[in-house]
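# Output the structure for:
(one chain, ligands or ions: 1)
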Amino acid sequence: MSRRSAPDSVGAFILHDQLLAPLTTWGVGGYAKTLVTPRSRDELIEAIGWLKTCCSSFFTLGGGSNVLIGDGVIDIPVLRTTETRDLRVSVDGENVFIDCAAGTKLSEVLALTIKEGWSGLEFAAGIPGTVGGALSGNAGTLRGAMDKSVVMVQTVEEDGSKHEWKADDMKWGYRRCGLLENTSRVVIGAKLKLSLSDRGLVLAAVKEALESRGLQPCGHRTAGCVFKNPQGHSAGMLLDRAECKGLVVGGARVSAAHANFIENMGACSARNIMQLALICKKRVFEMFGVTLSFEIKTLGIQEEDIYVGR
Ligand code: EPU
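As a prediction, this is how the structure comes out:
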């Protein structure tokens, strides 16, 4: 990385040699040489501007709920968005618009919609992470996903310019957003569209959404589902039938509650998790001929780094 020193305005929110494990829900990950944590949308824009001039690449980290970070030193700068939190609400007839910064927690937005009786985000009950992260993975459940609630996404582009994208241009897919796969494009905020409803109705829908997640492990450090559901199949069911539940590598264990979750039992490394995930993937391929692909994103660790046999 050719590094130009940061201007004072950016230097104020840069830290060096920071442990990333506490910033992820799995609780694993090594040290970032450079961790950039802007505290507002303006600072985020400024930080991206600097990163684009000084570094060939950087990694954007949201709530750390869908990411596996390697155990070694992370050389590329990590841009953490979680301190850029703000919400602006406007109402137009029956429609409610919430403009939120990328780092706003999805659960915070949901809590507001429950309190006010606004409908449209009930599916997000129980989904951790930030608005920016939820958009980049089109987070959702069988009941809905982000693409149904978004009207506009604000980004900083590869050349440093700001852009507002209409939801229809985002190239949504199942657990993906085509436009945000370009990692040099960073979300700085988004406008969600909800509708006026009734508090009781919204709360009931949220409870139902939470109950439908009953299979999922509670009280363990996980990163949600590890693999995407392959077309026409449930990854959890395939992994379960391949007898992956309870498999252990080091401090990582496949959940006994839901086979698509890997739990950190303590003293767990990213390598343990990756190795276990690849053993599970191999079992499913051998038994069903289906190749699972990761839903989680990775930084500083790759499938190719680990050999689990042929
Ligand atoms: N199943 C098993 N064994 C298991 C897990 C699941 O047999 O160990 C079966 C279930 O009985 C059910 C089917 O597989 O018949 C589907 O399971 P589930 O309802 O749990 O849904 P899923 O497809 O595994 C998806 C999302 C979850 C979301 C749930 C609930 C993906 C990869 N996963 O899981 O999202 O919470 O639906 O709507 O799309 C996430 O994305 O991180 C996540 C957890």
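# Give me the pLDDT value at the nearest residue to Thr291 once chain neighbours are set aside.
Once flanking residues are discounted, Thr291 sits nearest to Phe285: 5.7 Å by C-beta to C-beta, 6 or more residues apart in numbering. In this view, the C-beta of every residue, glycine as well, is placed from N, C-alpha and C. We have a pLDDT of 97 for Phe285.
# by contact count, what packs against the helix or strand containing Phe285?
If you go by DSSP states H and E, Phe285 is part of helix 270-288. Where contact means 3 or more C-beta pairs under 8 Å, 6 or more residues apart in numbering; DSSP states H and E, helix 270-288 is packed against strand 67-69, helix 235-241, strand 248-249, strand 252-254, strand 262-264.
# The residue nearest to Thr291 - how many residues pack around it?
Phe285: 14 surrounding residues under other C-beta atoms under 10 Å.
# ok, it touching Ile279?
No - taking contacts as C-beta atoms under 8 Å, Phe285 lies outside contact range of Ile279: 10.9 Å.
# Could you work out which of the helices and strands packed on helix 270-288 reaches nearest to Gly309?
Gly309 lies closest to strand 248-249 among these, at 13.1 Å (C-beta to C-beta).
# circling back to that earlier point, give me the buried positions along the helix holding Phe285.
270-284 (16 or more other C-beta atoms under 10 Å).
# Domain-wise, how is the chain divided?
3-80, 87-212, 235-305 (automatic domain parsing).
# next SSE after the helix or strand hosting Ser107?
Here Ser107, judged by DSSP H and E, is contained in helix 106-116. Beyond helix 106-116 on the C-terminal side, the first helix or strand identified by DSSP H and E is strand 118-119.
# Just give me the neighbour total for Gly49.
14.
# In terms of secondary structure, what does the helix or strand hosting Val202 contact?
For Val202, the host element (DSSP H and E) is helix 199-211. Applying 3+ C-beta pairs under 8 Å, 6+ apart, we find helix 199-211 packed against helix 106-116, strand 118-119.
# winner for burial among those?
strand 118-119 (a mean of 21; mean count of other C-beta atoms under 10 Å).
# Give me the secondary structure label for Gln163.
Careful, residue 163 is His and not Gln. strand (DSSP: H, G, I helix; E, B strand; the rest coil).
# any idea how far Glu83 is from Tyr31?
Using C-beta to C-beta, to the nearest Å, Tyr31 is found at 20 Å from Glu83.
# Those two: which is more packed in?
Tyr31 (17 against 14).
# OK, contacts around the residue in the stretch 51-200 of the chain positioned nearest to the ligand?
As assessed by C-beta to the nearest ligand atom, the ligand sits closest to Thr141 within the stretch 51-200 of the chain, at 2.9 Å. Shown in contact with Thr141 (C-beta atoms under 8 Å, 6 or more residues apart in numbering): Phe123, Ile127, Ala209, Ser212, Arg213.
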